[in-house]
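>>> test case, fold it:
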Amino acid sequence: MKSQSLPVVIQSVVARENNGDYEFLLLKRSEKKGGFWNSVNGTLEINESVFECRERELYEEAGIKETISWTDELIRFNFTYDDYTFSTVAYGVVVPANTEVVLNEEHTEYKWLSADGAIELLKFKEDKEAIISLLEIIKK
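This is a model prediction of the structure:
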């Protein structure tokens, strides 16, 4: 039985250090799911904490289990999809430099990019703002 989800999307903006700079993980959604680039996203399930959701989705969408640190909330925004309004809460996560990505069926490819490269590929303004927010935090 498929679990029920709430109209809340938890976004995990993934970064890793590479030679003193940071790279950000973007996933390309399948054409059926829109065909655009974004960060790890997933809907919060009933009886699931935000912390459980972000870890579950990070593993389900990118095969990543090991993390170094998570940030507090980066940004919060609403969007409408298929006549439903969702609230999105974005968090940042830093992973080890040697992290391997294993995609699920929702995505067709992935890229590790500089902040500028990620911002250029992202479709939505709020996703770009989340990258900028995470970079400001991890550069401190």
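
>>> and the helices in the protein, which stretches?
Secondary structure of the chain (DSSP state H): helices located at 50-62, 115-121, 125-138.

>>> among those helices, which is nearest residue 30?
Nearest of the helices of the chain to residue 30, taken as CB to CB: helix 50-62 at 11.6 Å. (Each C-beta comes from the backbone N, C-alpha and C, glycine too.)

>>> distance from the chain centre to that closest one, please.
On the basis of CA atoms, centre = their mean, to the nearest Å, helix 50-62 sits 9 Å off its chain's mean C-alpha point.

>>> what does stretch 44-59 give?
12 Å.

>>> and the contacts of it?
Applying CB atoms under 8 Å, 6 or more residues apart in numbering, the contact partners of stretch 44-59 are 3-6, 8-10, 12, 14, 40-43, 64-65, 67, 70, 89, 91, 93.

>>> which of the helices of the chain sits closest to residue 106?
Closest to residue 106 of those, according to CB to CB: helix 50-62, at 6.4 Å.

>>> roughly how far apart are residue 29 and residue 127?
Between residue 29 and residue 127 the computed distance is 12 Å (CB to CB, to the nearest Å).

>>> for residue 72, same thing?
18 Å.

>>> for these two, indicate the residue with more neighbours.
Relative neighbour count places residue 127 above the other of residue 72 and residue 127, with 24 against 7, counting by other CB atoms under 10 Å.

>>> pull up the overlap in contacts between residue 29 and residue 127.
Common contacts of residue 29 and residue 127, defined by CB under 8 Å, 6+ apart, comprise residue 38.

>>> now tabulate the helices of the chain in a markdown table and tack on mean pLDDT and distance to residue 18.
Output for those, formatted as a markdown table (pLDDT from 0 to 100; distance: least, CB to CB, whole Å):
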| stretch | mean pLDDT | distance to residue 18 |
| --- | --- | --- |
| helix 50-62 | 97 | 17 |
| helix 115-121 | 98 | 12 |
| helix 125-138 | 96 | 12 |
